[in-house]
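Asker: need the 3D shape of this:
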Amino acid sequence: MLNHILPWRSLLRKSLNLCPITSLVFTKHSVSAAKPHDESADASIPDDAGHQILIGLRNFGASKFLSGHHFRTLASVLNPHQVDQILLSLEVDNSDSALVFFYLLRNEYEFRHSRVSFFIVSHVFARKGQFKESRRVLEQMVEEEGSGSAASLCELLCNSFRDWDLNNAVWDMLALAYSRSEMVHDALFVLAKMKVRHLQVSIATYNSLLYNLRHTDMMWDIYDEIKGNGIQQNKYTNPILIDGLCRQSKLQDAVTFLRETKGKEFGPSVVSVNALISGFCKMGSVDVAKSFFCMMLKYGLLPDVYSYNILLHWLCVACSMEEALEFTNDMEKHGVEPDTVTYNILVNGFRILGLMSGAWKVVQTMLLNGLNPDLVTYTILICGHCQMGNIEESFKLKEKMLSQGLKLNIVTYTVLLSSLCKSGRIHEAVLLFHEMEYIGLKPDLLTYSVLIRCLCKLGAVGAAILLYEDMFSNRIYPNSFVCSAIISGLCEKGAISEARMYFDSLTKSDVAEDIVLYNIMIDRYAKLGNIGEAVQLYKQIIEKGISPTIVTFNSLIYGFCKKRKLAEAAQLLDTIKLYGLVPTSVTYTTLMNGYCEEGDMHGMFCMLHEMKAKSIEPTQITYTVVVKGLCKKGRLHESVRLLNDMYAEGLFPDQITYNTVIQCFCKAHDLQKAFQLHDQMLQHSLQPSPVTYNVLINGLCVYGNLKVADRLLVTLQGQSIRLTKVAYTTIIKAHCAKGDVHNALVFFHQMVERGFEVSIRDYSSVINRLCKRNLIAEAKFFFCMMLAHGISPDQDICLVMLNAFHRSGDPISASEIFAMMIKCG
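Answerer: Got it, this is the predicted structure:
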């Protein structure tokens, strides 16, 4: 603050010492003050440039002189102090020239005026009765000076402009300028100074402060001051107070206040009732809001288009489109013409419901009534088509907007960008992002966030980090949403050390105070089995006074269970309670799985009973863990009963649950029951997964009939059921183990034909099995086929073949293999 004040003190002191006339002009202003053509006035301009400008203005007039080459030369060497002196010399008798001179320097020469110049010009406008212009000048000044500048400006205004004409008006407009610029503390400071100087505050200034403070109880202090000072209210005062009460959710107080104004000069108005309608709608009480709408008519007030639009908006948000359309018809019957906002509300209502055909009908009605869709209309339509997955239609609308001369804003581009990202069309999203920059639109935090998160999800973390750096260079600072995407992306790529380095860098800023970032790192360490690091981060949370969430504890419990430290995991249940948190189904299911893995069925069921006792409903995953535990203990029929119990409780087992039980029945050689469970899946409209068929084929190959396995695979192929490579490799290995090379080769070719990538491991498993059965020729055939597919043999497979050739007495083939081994190193 002192840095702003002290230079001006010395500057003014210097000007006072330079010439007595300046002291006169600053301290006692009147129309009899020194005139611009007086020698004494000219003497107040100490520099030759200022003197020449005053002579030029006097001799040639502002229009001619200020547009000339000589002035341009002089303007280039002017400093703020000289400009202050010129304006002081002009402001009384040649005020028009003063204004032209001030704005010419500011607009064409980008001259930064001093505070003195701003105050001089503000007084000039006030004297002319142009109070809006006077206020606008002060708004420009306070925007340049910034928050916290009120003390020094008040000191300058008080000391140097004390006795100027209309000084009260300038003080008032300074307070208003601060308030309109949302520098409320500065505005209040100016008001306090005005009170000391017994200067009157206008109702416009008070209303502006009421508006800015309407979300706090401080608005009553302002209101009491208005009444205490006897300031005449206007039609805006009461509606602002009612709106404030509504925003503070004090709706009953707002209603009481409205009733108290009845019969007064500024009683209930359309604006006041609109505030109440909006307040009740925001609280979800649309029916109450409608009653106040009807009350308007009772008070003899005619609802305006804004009244209708408020209710229409909330009806559409509540998906009551039929009522909204009826309300629109009522609007027209009462002579209130729907405006563009009305139609946009209806278009958005249909968008929310996913009924884009209805949205387009509204647009047609809009056109018939002589209104053209605006930027908001098109943005809503684009958003709707994107939500429906119809991106191409959205881009057609984009082109239509451009053809009609409408410029897309950042919201429209971000909607399109988000839609492309959700569809995985990342290359097009990046191109669209660059298009935004090319046309001069600056991406905001949300735009960057959408693209960075998408890049991270798709594994392009490097590109995301480059974009992140670009964001920083544009002075857009990331929030936890962006940072969490980067950390998650690095973790998913397995770059845990890089993720930790980035996380540690964030801990030096306020961003890392977000528990979400800690939760991501703790969860990743827990999943990797590094419970030590996870606990260290948890301790850091506690030391920083950050409140852990249930997600934090769930991750820690998982980490302890993974390291088989069930006692520590169970103890965290008590810690959860200490923080006033409630365990979730995830908490108990994780612990149950830990006990299940240890074979502790008693511990698992204890957790299940505790969970139910606390009214925490088990989920499908919870029961899957129990099923797994029962199967591990060979209690297969209990697991089947549990499946049926799940259906009775309204839970639906998924493929994983069924696969667990089916696999156990296969291992128990009860393939009939395994297939019955497969049929049960189909009866419940649950499509078996590829893993289901892998389990069944493996069961048939190992414990059942290989021919049945062949028939099952062929049947599945005929039904175009998606199979994985495992199904083929399982049946191929089984045929090799049986010595049935022909069928093994048939299925091997089928596997290749269906586009599965065949690796050296696949060939090795076949060749190993053939060699064990001394089917050397067949093994050699697969070996040659492997080479033909461009797969180089490794040392293990070469040794298997070498030993097989030695056993079969084939030295030539053995030599060839040996030579190949030497060649391959």
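Asker: not counting sequence-adjacent ones, nearest residue to residue 701?
Answerer: In space, and not counting its chain neighbours, residue 701 is closest to residue 734: 3.8 Å by CB to CB, 6 or more residues apart in numbering. In this view, the C-beta of every residue, glycine as well, is placed from N, C-alpha and C.
Asker: now do the SS call for the one you found.
Answerer: What DSSP: H, G, I helix; E, B strand; the rest coil gives for residue 734 is helix.
Asker: now swap in the one 10 residues further on and tell me
Answerer: Of the three states, residue 744 takes helix under three-state DSSP.
Asker: count of neighbours near it?
Answerer: 24 (other CB atoms under 10 Å).
Asker: does it touch residue 736 like I think?
Answerer: Yes - using CB atoms under 8 Å, residue 744 is in contact with residue 736, at 4.9 Å.
Asker: name the helix or strand of the protein that has the lowest mean pLDDT.
Answerer: One helix or strand of the chain scores below all others by mean pLDDT, DSSP states H and E: helix 20-27, with a mean of 30.
Asker: residues in contact with residue 349?
Answerer: By CB atoms under 8 Å, 6 or more residues apart in numbering, the contact set of residue 349 is 312, 315, 316, 317, 319, 321, 324.
Asker: state the distance from the first one to residue 342.
Answerer: Read it as residue 312. Noted for residue 312: a distance of 6 Å to residue 342, by CB to CB, to the nearest Å.
Asker: what touches both of those two?
Answerer: Common neighbours of residue 312 and residue 342, counting by CB under 8 Å, 6+ apart, are residue 328.
Asker: quick one: contacts for residue 617?
Answerer: With contact set as CB under 8 Å, 6+ apart, residue 617 has these partners: residue 585.
Asker: using the three-state scheme, assign it.
Answerer: coil.
Asker: which residues do residue 744 and residue 736 both contact?
Answerer: Common contacts of residue 744 and residue 736 (CB under 8 Å, 6+ apart): residue 766.
Asker: residues contacting the nearest residue to residue 425 once chain neighbours are set aside?
Answerer: Counting by CB to CB, 6+ apart, residue 425 lies nearest to residue 391, which is 7.6 Å off, once chain neighbours are set aside. By CB under 8 Å, 6+ apart, residue 391 lies in contact with 385, 416, 419, 420, 423, 425.
Asker: how about residue 565?
Answerer: residue 531.
Asker: buried members of the contacts of residue 391 into PyMOL, please.
Answerer: Provided next is the PyMOL selection string for whichever of those are buried by 16 or more other CB atoms under 10 Å:
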select buried, resi 385+416+419+420
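Asker: and the contacts of residue 391 as a markdown table, adding pLDDT, distance to residue 587 and secondary structure?
Answerer: Compiled in a markdown table, these are given as follows (pLDDT from 0 to 100; distance: CB to CB, whole Å; DSSP: H, G, I helix; E, B strand; the rest coil):
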| residue | pLDDT | distance to residue 587 | secondary structure |
| --- | --- | --- | --- |
| 385 | 91 | 41 | helix |
| 416 | 91 | 40 | helix |
| 419 | 90 | 36 | helix |
| 420 | 90 | 38 | helix |
| 423 | 86 | 35 | coil |
| 425 | 89 | 38 | coil |
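Asker: roughly how far does the residue nearest to residue 425 sit from residue 430?
Answerer: Look at residue 391 and residue 430: by CB to CB, they are 15 Å apart.
Asker: number of residues surrounding residue 409?
Answerer: Residue 409, neighbours per other CB under 10 Å, totals 12.
Asker: skipping adjacent residues, who's closest to it in space?
Answerer: residue 375 is the one closest to residue 409 (CB to CB, 6+ apart), at 6.3 Å.
Asker: which ones are touching that neighbour?
Answerer: By CB under 8 Å, 6+ apart, residue 375 lies in contact with 401, 406, 407, 408, 409, 412.
Asker: now the closest residue to the third one other than its chain neighbours: how far from residue 743?
Answerer: Just to be clear, that refers to residue 407. Here the nearest residue to residue 407 in space, its sequence neighbours aside, is residue 375; by CB to CB, 6+ apart that works out to 7.6 Å. Residue 375 is 67 Å from residue 743, where distance means CB to CB.
Asker: now residue 73
Answerer: As for residue 73, its distance to residue 743 is 100 Å (criterion: CB to CB).
Asker: higher neighbour count, the two?
Answerer: The neighbour comparison of residue 73 against residue 743 (other CB under 10 Å) goes to residue 743, with 17 against 11.
Asker: so the more buried one makes contact with residue 713?
Answerer: No - shown here, residue 743 and residue 713 do not form a contact pair, counting by CB under 8 Å, at 10.5 Å.
Asker: what touches both of those two?
Answerer: Common contacts of residue 743 and residue 713 (CB under 8 Å, 6+ apart): none found.
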